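Asks: Just need the structure, nothing else, for what follows:
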Amino acid sequence: MSDPTTETETPARPLSRRALLAGAGVVAASPAAALLLGAGGSVAAAPPAAAATTLGGTTAAGAVATAAGDVRKITMYAERISDTLVGYGLEPGKATVPGPILEMWEGETLEITLVNTTDKRLSIHPHGVNYDVNSDGSAFNDSFNEPGETRTYTWSTVKMARDRGIWMPGSAGYWHYHDHAWGDHGTQGIAAGLYGALVVRRVGDVLPQKQFTMVFNDMTINNKVAPDTPMFEAKLGERVEFICIGHGNQLHTFHLHAHRWANNRTGLLADQYDPSQVVDNRDLNPGDAFGFQVVAGLGVGPGAWMYHCHVQFHSDGGMAGIFLVRNADGSMPPGAQESIDRFQGHAGHTTAPSGTTTGGAATTTGTAAGGTGPAVVDLSGHAGH
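Replies: Reported below is the predicted structural model:
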C-alpha cells in the first residue's frame with residue numbers, strides 16, 4: 001500500500017468541479033475559466049499551456065487554455081452580512097468574510113465590476129498588481145463606489161523580464177485586496193470585513209488541492225475569536241495552500257503546528273539546493289501577505305493541529321484555531337474530537353487589551369499610535385484620523 005503522504009509527480013488531468021468546504025475563506029481547487037460561488041469562493045482562469053505542475057496536487061480543471069494578456073471580466077458585490085459585518089461576494093446574497101479568493105496568471109488582466117449594495121462609500125484596492133489611478137480604489141484618487149453605485153476596476157499583471165540588463169520581478173505572489181474608501185483609508189471597511197486573498201501564479205507553479213484564507217485583523221481571525229475561529233479541514237496527504245493576510249493595528253506572528261514551509265515566494269523548495277529558510281512561524285503584520293503549501297500530515301500523521309498568533313497574549317485572547325487533518329478516508333483520527341472539544345472551552349478572549357477588536361463585531365476601540373515625528377506633507381482634506 002502506498003504512503004498517502006508521499007509526494008509523487010502525477011500527470012495533468014481534467015478534474016470534476018470541486019465542492020466548496022464549509023466556512024468563509026475555505027475552498028477546494030478552482031476549475032478553470034469558471035467561478036466557484038459560495039462561502040469563501042474562488043475565481044480562477046485556465047493556465048497557459050503547460051503552466052501548472054502537479055506534485056500530488058492538481059492542475060486547473062476544465063482545460064481551456066488562455067493566452068497571456070487575456071482580459072477576464074468578473075462581477076463582485078459588496079453587501080452587508082449583519083449589523084457588524086460587510087463582505088465581498090461573487091453573486092448577490094453570497095458575500096463572505098473573507099471575500100472570494102481571486103487568482104490570476106502572470107500576463108493576465110482582470111476587470112472587476114464592483115456593485116456596492118450598501119449605504120457606505122467603499123472600494124476594492126489590490127496589492128501586488130498594476131492599475132492606474134482610476135482603479136486605485138482610494139478616496140485620495142477619487143476611485144470608489146458611492147452607496148448603490150457600480151464601478152469597474154482594472155488590474156493587470158506582468159511576467160519577469162530583463163530591463164537594461166537587470167531582472168525585474170513579475171507579479172506572481174500571494175497578495176490581497178481590501179476596501180480603501182470607507183473612511184480616509186478604508187479603516188472602517190476593513191474592520192467590518194471587506195478584505196480577501198489575491199493569488200498571482202507563474203508558469204510552472206504547483207497548484208493546491210485545497211485553499212485556506214486566514215486574516216489576522218486586529219485581535220481576530222477572519223473577524224472571529226476562539227472558539228469560533230475557522231476550523232480548516234483536509235485529508236491526510238492532500239496538498240493544502242494557506243494564504244495569510246494581516247490587517248488592523250496589531251503586530252502578529254503566524255504559527256502552524258507540525259507543518260513547515262520555505263520562506264520564499266511559493267513556500268516550496270525549488271530543489272535540493274534551494275537555500276531558502278524553512279520555517280513554521282512568520283511575522284504577519286498589517287498590510288502584509290504571504291502564502292505557502294504543505295502536504296497535510298506529512299511526516300506527522302492526522303490529527304487536530306493548532307494554528308495561532310505566537311504573541312502570547314494574542315493567542316490567549318482568542319487568536320487561535322484548528323487545522324484538522326482527517327484520515328485519508330475522511331474519517332476522524334483517534335483523539336482529534338477530544339482535542340476539538342477541549343478547544344471549544346477556549347476562554348480568556350474577553351480580556352483583550354485596549355486598542356484591539358474583540359468578538360465577531362470587529363469594532364475598533366482605543367486610538368492608533370501617535371506622537372511627534374518628521375514633518376508631514378499636507379494633503380488637503382485629509383484630516384480627522
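
Asks: Tell me how far the closest residue to residue 320 other than its chain neighbours lies from residue 271.
Replies: Leaving aside its chain neighbours, residue 320 sits nearest to residue 308 (3.7 Å; criterion: CB to CB, 6 or more residues apart in numbering). The way it works is simple: take the backbone N, C-alpha and C, and place the C-beta from them, glycine included. Plainly put, residue 308 is 32 Å away from residue 271 if you go by CB to CB, to the nearest Å.

Asks: More neighbours: which of the two?
Replies: Neighbour count, other CB atoms under 10 Å: between residue 308 and residue 271, residue 308 has more, with 23 against 5.

Asks: and the residue nearest to residue 320, bridged to which residues?
Replies: Per DSSP bridges, the residues bridged to residue 308 are residue 255, residue 320.

Asks: wait, it sits on residue 322?
Replies: No - counting by CB atoms under 8 Å, residue 308 does not reach residue 322; the two are 9.7 Å apart.

Asks: helix/strand/coil for residue 148?
Replies: Secondary structure state of residue 148, per DSSP: H, G, I helix; E, B strand; the rest coil, is coil.

Asks: which residues touch the closest residue to it other than its chain neighbours?
Replies: Nearest non-adjacent residue to residue 148, counting by CB to CB, 6+ apart: residue 116, 6.3 Å away. By CB atoms under 8 Å, 6 or more residues apart in numbering, the residues touching residue 116 are 78, 122, 145-151.

Asks: Now tell me what touches the helix or strand where residue 341 lies from outside.
Replies: Assigned by DSSP states H and E, residue 341 belongs to helix 336-343. Contact with helix 336-343 is made by 226-227, 231, 302-304, 320, 322, 324, 326, as judged by CB under 8 Å, 6+ apart.

Asks: repeat that with 10 Å
Replies: Here helix 336-343 makes contact (CB atoms under 10 Å, 6 or more residues apart in numbering) with 226-227, 229, 231, 302-306, 320-322, 324-327, 332-333.

Asks: re the thing from before, my read: the residue nearest to residue 320 touches residue 284, true?
Replies: No - applying CB atoms under 10 Å, one finds residue 308 not in contact with residue 284, separated by 11.2 Å.

Asks: any residues in contact with both of those two?
Replies: With CB under 10 Å, 6+ apart, residue 308 and residue 284 have common neighbours 252-255.

Asks: in the chain, what secondary structure element scores lowest on mean pLDDT?
Replies: strand 34-36 (a mean of 31; mean pLDDT, DSSP states H and E).

Asks: Export the contacts of residue 116 as CSV, with columns for pLDDT and distance to residue 345.
Replies: Below are those laid out as CSV (pLDDT from 0 to 100; distance: CB to CB, whole Å):
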residue, pLDDT, distance to residue 345
78, 98, 36
122, 98, 38
145, 98, 43
146, 98, 46
147, 98, 42
148, 98, 44
149, 98, 46
150, 98, 46
151, 98, 46
